[in-house]
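Chemist: requesting a structural model of the entry that follows:
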Amino acid sequence: MEPRVSVICLCFNHARFVCESLDSVIHQTYPQVELIVVDDASSDNSVAVIREWLLQHDGVEFLTINENVGNCQAFNMGLRRATGKYIIDLSGDDRLTPSRVERGVSFMEMHPEVGVQFSDAELIDEAGKRLGFHSDRFPHATIPQGEVFREVLSRYFINSPTMMIRKSLFDELGGYDESLAYEDFDFWVRSSQRTQYAYLPEPLVQRRVVTASMGKRQYAPNSAQQWSTLKVCRKALALCRDREDRLALRKRTGFEFRQALRTGNFSLAWQYVGLWREIR
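Modeler: Predicted coordinates for the structure are as follows:
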């Protein structure tokens, strides 16, 4: 039998876009798809929009959270209900291409050593107009594969909405770290110590660029995301295996130190100075 894929769609104030995201899941060319929708206490009419959409679509699990808990905890709530062999973490404003699940499963089934498969992405604006591709900034030839721990420490190259992940890997890791304000950097650091990564050089996801997105706020003055990054860097130091790993982490801490200075977060910058000394 074809393995099931669980798509966990997280919604927070995505009323304008969430139906497009949900439609992209049910219109997959792959038949064994489980859809779990989690609304993290949206303050717009997202819940009403989703409930109306559900009237026309059976077999979809919908969880509503009364108090905003953040992406990490909201995702873990959906993950505990997932029964698929593979997991896709889909934001309520992004869209899967029709063959995304089929392409991912076909690859993963042939490569049991790979725990995370990711791809290129088409970037779209709020109206759905194409802005370009992730590979415009990160060319295919520059994307590392296999053991990528050292690479994820030193630089960004993975478009996180494009990932398909073995559920067994999530089970090993205990899901996302709920003490953090965002999930992907910590997940990359912890998972790349345990499994191999593989890249498919085709746009399997449409990533929406939204003005008020979490990514846009990452380097806002004194943002919670910046402090979470410091915590992940401290965790990463304990995972470093050799001098080259530590050099990669030192490169990352240098970058984050400069961002903290740029945003006037001097107490955070001082913390990075201390961490840099520990690494050295």
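
Chemist: the stretch 51-200 of the chain: helices as residue ranges?
Modeler: Remark: helices assigned in the stretch 51-200 of the chain by DSSP state H, counting those that start in this stretch are 71-79, 100-110, 134-137, 149-154, 167-173, 184-191.

Chemist: elements contacting the fifth one?
Modeler: Counting contacts by 3 or more C-beta pairs under 8 Å, 6 or more residues apart in numbering; DSSP states H and E, helix 167-173 is packed against strand 86-91, strand 114-124, helix 184-191. (Glycine included, C-beta is placed from N, CA and C.)

Chemist: likewise the first one?
Modeler: Using 3+ C-beta pairs under 8 Å, 6+ apart as the contact criterion, the secondary-structure elements in contact with helix 71-79 are strand 5-11, strand 33-40, strand 61-65.

Chemist: returning to that earlier point: just name the most buried of the helices and strands packed on helix 167-173.
Modeler: Greatest average neighbour count among the helices and strands packed on helix 167-173 goes to strand 86-91 (a mean of 24), per mean count of other C-beta atoms under 10 Å.

Chemist: just the residues contacting that one, thanks.
Modeler: Outside of strand 86-91, the residues within contact range by C-beta atoms under 8 Å, 6 or more residues apart in numbering are 3-10, 14, 21, 25, 75, 79, 96, 100-101, 104-105, 108, 160-161, 163-167, 170, 183, 208.

Chemist: let's go with 6 Å and repeat that
Modeler: With C-beta atoms under 6 Å, 6 or more residues apart in numbering as the test, strand 86-91 has contacts from 5-10, 164-165, 167.

Chemist: please indicate which of those are buried?
Modeler: Those of the contacts of strand 86-91 that meet the buried threshold are 5-10, 164-165, 167, by 16 or more other C-beta atoms under 10 Å.

Chemist: now flag whichever of these is closest to Y30.
Modeler: Taking C-beta to C-beta as the measure, Y30 sits nearest to V5 out of the buried ones among the contacts of strand 86-91, at 6.8 Å.

Chemist: thought Q196 was touching E113?
Modeler: Yes. At 5.3 Å, Q196 and E113 qualify as touching, with contact defined as C-beta atoms under 6 Å.

Chemist: pull the contacting residues for the closest residue to I8 other than its chain neighbours.
Modeler: Nearest non-adjacent residue to I8, counting by C-beta to C-beta, 6 or more residues apart in numbering: G78, 3.9 Å away. Counting by C-beta under 6 Å, 6+ apart, G78 touches 8, 36, 38.

Chemist: hang on, the earlier thing: can you tell me which of the helices of the stretch 51-200 of the chain comes nearest to N45?
Modeler: For those, distance to N45 was read as C-beta to C-beta. The smallest value, 18.3 Å, belongs to helix 71-79.

Chemist: tell me the buried residues in the closest one?
Modeler: So helix 71-79, judged by 16+ other C-beta under 10 Å, has buried residues 71-79.

Chemist: circling back to that earlier point, please identify which of Q196 and E113 sits among more neighbours.
Modeler: Q196 (17 against 8; other C-beta atoms under 10 Å).

Chemist: ok so, going back, turn the helices and strands packed on helix 167-173 into JSON lines, including distance to G264.
Modeler: Formatted as JSON lines, those follow (distance: least, C-beta to C-beta, whole Å):
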{"stretch": "strand 86-91", "distance to G264": "29"}
{"stretch": "strand 114-124", "distance to G264": "29"}
{"stretch": "helix 184-191", "distance to G264": "22"}
